[in-house]
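Participant: coords please:
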Amino acid sequence: MSEYDVIVIGSGAGGGTLVHRLASSGKRILLLERGDWLPREPQNWQAADVFVDGRYTSPDTWYYSDGSAFAPQVHYFVGGATKMYGAALYRLRKEDFGELQHHDGISPAWPISYDEMEPYYTQAEQLYQVHGARGEDPTEPPASAPYPHPAVSHEPRIQQLSDALEAAGLHPFHAPCGVMLDEANMPYSACVRCNNCDGFPCVVHAKSDAEVIAVRPALKHDNVTLLTGAQALRLETNTSGTTVTGVVADVNGEREVFEADIVVVSCGAANSAKLLLASANAVHPAGLANRSDQVGRNYMFHNSQAVLALSKEENPTVFQKTLGVNDFYFASDEFEFPMGNIQMVGKSQAPMFRGEKPGETKFAPNWTLEDVARHAVDFWLSTEDLPRPENRVTLRPDGNLAISYSASNEEPKARLYHQLKSMLGHLGMHHDHLLGHHAYLKNEIPIAGCAHQAGTCRFGSDPASSVLDEHCRAHEVDNLYVVDTSFLPSIGAVNPALTAMANALRVGDHLLERMGVAAQVHVAA
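Facilitator: Okay, the predicted model is just below:
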């Protein structure tokens, strides 16, 4: 008998949520996390520490296909990338689950429908305490329940922005947000509605990240074990290559092998592909579960732009990430192809500019940067990145990770930017002051951001063109699953975190059934 029933590798949106779903089953579960607990300290909320010094960025080195090195903006902690995310928890649109024609090609259909995912979206919204308002967004997919919490209110400047967008004939909506905020009873609210949320760890644990929402509650069960500082290096199989028999890991500098009946990989799209490729053996010479040659391929991470508009009046907004616009998500009268999503991002702070543009701001006086920050209104534009087999993760001969990537849908991306720019005059902003703003990055190399990465172990019904089946089980390895955003065959144009969470709950129910655990009743957290 194996030491564990299930090993989950990675504790982020996918892995952490899955462990939460399995925790009450009584099954022996081991959660391996290569990082440690993110320290709770004053620096959590200091923009200079987070954005300039990169205090919480892990010291990885990845490589481009030309051999040049770069430092990816990855964060290895309990809770994974959700520790630093902006907690924007959108559902994909119903149409995203079908085939969509884009300017640069086809966004493929999924092996499951939106209707099959919908109950799990609802459960994920309840678990992660999502705030929102149904019925405002014209592209919103059907939902079986209201949001569990009311939408986060707009502050006055953002309400003005929303009113102006509506007056222009658009349909602004309250962005779905995962924070533990009770605006009706602020003395008892965990969230204090500060300006250090998007891109920061939350020092008061009021952001709905996977550590706080999923991992910590799961660890209350004696059958769940967490090992930090445990980096999975490779997966071993039986001689026929049909079953994973061991997870080889470096645990705080010591090599250990763990065994389980079921192994689930959730390391992030790039690192999950790396782990499978590093697990090549005689039966799987191109990498574990890679007979289709799809492991590592179809790397996507959204064709995004973070842009800063200068308002004619000061923008005193504190918690800015409350508004979205999806009027350009699909084709329109002006453009026959989808353009994407517009949403707000966290409010600019002067130290961020030094982190993002160190060369340009080196000699700028602080008062100049602070003046820009006071007038800044910050937007995030996402255009769908299409899955292309040549966009891929590979292993170098030295075992390091390399990424080959070229962007898609550049024309819709430019159109979406133009739509925003054309609206500025109606929104009380300087028409000619829309600035490129590379949020959270220390350089202008988009691929280094690693935000919203997806697609390297796509699921599908055909083993010849996919890595995983509809339950996210490897076609070729009976007890191997992948539950991070690697499984996505397409990424849509909204943040993928909620989809990873919902899918983890869906796969969790499949695993419970596989292990013979009686059906559970799932209620709101």
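Participant: thought residue 294 was touching residue 468?
Facilitator: No. Residue 294 lies out of contact with residue 468 (C-beta atoms under 8 Å); the separation is 9.4 Å. (Each C-beta comes from the backbone N, C-alpha and C, glycine too.)
Participant: for the stretch 401-525 of the chain, which spans come out with low pLDDT?
Facilitator: 425, 430-449, 519-525 (pLDDT under 70).
Participant: thought residue 319 was touching residue 194?
Facilitator: Yes. Under the contact definition of C-beta under 8 Å, residue 319 touches residue 194, with a separation of 6.9 Å.
Participant: quick one: low-confidence parts of the chain?
Facilitator: In the chain (pLDDT under 70), the answer is 1-2, 353-369, 425, 430-449, 519-525.
Participant: pretty sure residue 154 sits against residue 323.
Facilitator: Yes. Residue 154 is in contact with residue 323 according to C-beta under 8 Å; the separation is 6.4 Å.
Participant: identify the contacts common to residue 294 and residue 468.
Facilitator: Listed as contacting both residue 294 and residue 468 by C-beta atoms under 8 Å, 6 or more residues apart in numbering are 457, 458.
Participant: quick one on the thing from earlier: who touches both of residue 154 and residue 323?
Facilitator: In contact with both residue 154 and residue 323: 161, 162, 174, using C-beta under 8 Å, 6+ apart.
Participant: what's opposite the last one in the beta bridge?
Facilitator: In this case it means residue 174. Residues in a beta bridge with residue 174, per DSSP bridges, are residue 323.
Participant: and it, how many neighbours?
Facilitator: For residue 174, the neighbour count with other C-beta atoms under 10 Å is 21.
Participant: helices of the stretch 301-450 of the chain, residue ranges please.
Facilitator: 350-356, 358-361, 366-375, 410-423 (DSSP state H, counting those that start in this stretch).
Participant: what do you get for the chain?
Facilitator: With DSSP state H, the ranges of helices along the chain come out as 15-22, 47, 114-127, 156-167, 210, 216-218, 269-278, 350-356, 358-361, 366-375, 410-423, 497-514.
Participant: figure out which of those helices is closest to residue 451.
Facilitator: Nearest to residue 451, of all these, is helix 497-514, at 10.2 Å by C-beta to C-beta.
Participant: and the closest residue to residue 96 other than its chain neighbours, what does it touch?
Facilitator: Once flanking residues are discounted, residue 96 sits nearest to residue 492: 4.1 Å by C-beta to C-beta, 6 or more residues apart in numbering. With contact taken as C-beta under 8 Å, 6+ apart, residue 492 is in contact with 92, 93, 96, 107, 384, 499.
Participant: what is the end-to-end distance of stretch 21-30?
Facilitator: 13 Å (C-alpha to C-alpha, to the nearest Å).
Participant: how about that stretch: buried residues?
Facilitator: Residues 21, 22, 23, 24, 25, 27, 28, 29, 30 are the ones in stretch 21-30 that count as buried (16 or more other C-beta atoms under 10 Å).
Participant: list the contacts of that stretch.
Facilitator: 3-8, 19, 217-218, 220-221, 223-225, 227, 258, 260, 504-505, 508-509, 511-512, 515, 517, 520.
Participant: done for today, thanks.
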